[in-house]
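Enquirer: sequence unknown, structure follows:
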Ligand SMILES: Nc1ncnc2c1ncn2[C@@H]1O[C@H](COP(=O)(O)OP(=O)(O)OP(=O)(O)O)[C@@H](O)[C@H]1O
């Protein structure tokens, strides 16, 4: 089962994924993969952190500034993306009950290793829960189920996805 979640920036994709991860861990399932979270300074977004879900490891995915490769005003830190994010996806494919990738987007695709890890996760038999930047929706639409989050539906969709994953994981 491959599940994709998309929606406007800040709609709650990472929050949804984290809550589902917590619910699954509570039930004894091994959750692996990575999440990204924005970093704010004085109310303004200055970058993104990247965190592994299986171990306590985090780094910088992108930061406002000069340099390459860049996406908009951010410089992408491919080294941390590979060291923390790609490694976490690899471990998840090997060891976890479910693979989480938050998110699949322009920054992440600056790494060829990330693109390969996404391919591997799609090929894997294991359930995948991934968040998708809006621009990547068309590329992944036929690879699984797609949910579009809004403020109105995000709680309901979280319940629905958890329910579907539990059905597969408990069978
Ligand atoms: N279900 C919810 N109920 C209340 N607040 C929420 C909910 N989901 C998300 N939020 C709040 O909205 C903000 C953005 O959430 P989050 O970072 O999960 O969004 P996102 O879609 O992952 O954003 P990005 O575009 O940066 O990837 C956070 O402050 C979070 O606490």
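Expert: Yep, it's here. Computed from a prediction, not measured in an experiment: that's the story for all the values here.
Enquirer: And the residue nearest the centre of the chain, which helix or strand is it part of?
Expert: Residue closest to the mean C-alpha point of the chain, counted by C-alpha atoms, centre = their mean, is residue 102 at 1.0 Å. Using DSSP states H and E, residue 102 sits in strand 98-104.
Enquirer: Could you give the average pLDDT over the helix or strand following that strand?
Expert: Per DSSP H and E, the first helix or strand lying C-terminal to strand 98-104 is helix 112-123. Averaged over helix 112-123, pLDDT sits at 97.
Enquirer: Now do the following helix or strand past helix 112-123 and helix 112-123, the angle between them.
Expert: Beyond helix 112-123 on the C-terminal side, the first helix or strand identified by DSSP H and E is strand 128-132. Using axes from the mean of the first three to the mean of the last three C-alpha atoms, to 10 degrees, one finds that strand 128-132 and helix 112-123 are set 130 degrees apart in direction.
Enquirer: Tell me the helix or strand right after strand 128-132.
Expert: helix 137-140.
Enquirer: helices and strands around that next one, which ones?
Expert: When contacts are defined as 3 or more C-beta pairs under 8 Å, 6 or more residues apart in numbering; DSSP states H and E, helix 137-140 sits against strand 2-7. All C-beta spots, glycine's among them, are computed from the backbone N, C-alpha and C.
Enquirer: anything in the very next helix or strand once past the strand it packs on near the ligand?
Expert: For strand 2-7, the following helix or strand on the C-terminal side (DSSP H and E) is helix 13-26. Yes. Judged by C-beta under 6 Å from any ligand atom, helix 13-26 and the ligand are in contact via 13, 14, 15.
Enquirer: Give the full set of residues in contact with the second one.
Expert: Meaning residue 14. 35, 36, 37, 102, 103, 131 (C-beta atoms under 8 Å, 6 or more residues apart in numbering).
Enquirer: now with 7 Å?
Expert: Contacts for residue 14 (C-beta atoms under 7 Å, 6 or more residues apart in numbering) come out as 35, 36, 37, 102.
Enquirer: Can you say which of those are buried?
Expert: For the contacts of residue 14, a neighbour count by 16 or more other C-beta atoms under 10 Å gives the buried set as 35, 36, 37, 102.
Enquirer: Okay, now the sheet partners of the helix or strand harbouring the second one, with direction.
Expert: Put plainly, it is residue 36. Element membership for residue 36 (DSSP H and E) is strand 31-41. In the sheet, strand 31-41 lines up against strand 44-52 (antiparallel), strand 98-104 (parallel) (DSSP bridges).
Enquirer: just these: most buried one?
Expert: strand 98-104 (a mean of 25; mean count of other C-beta atoms under 10 Å).
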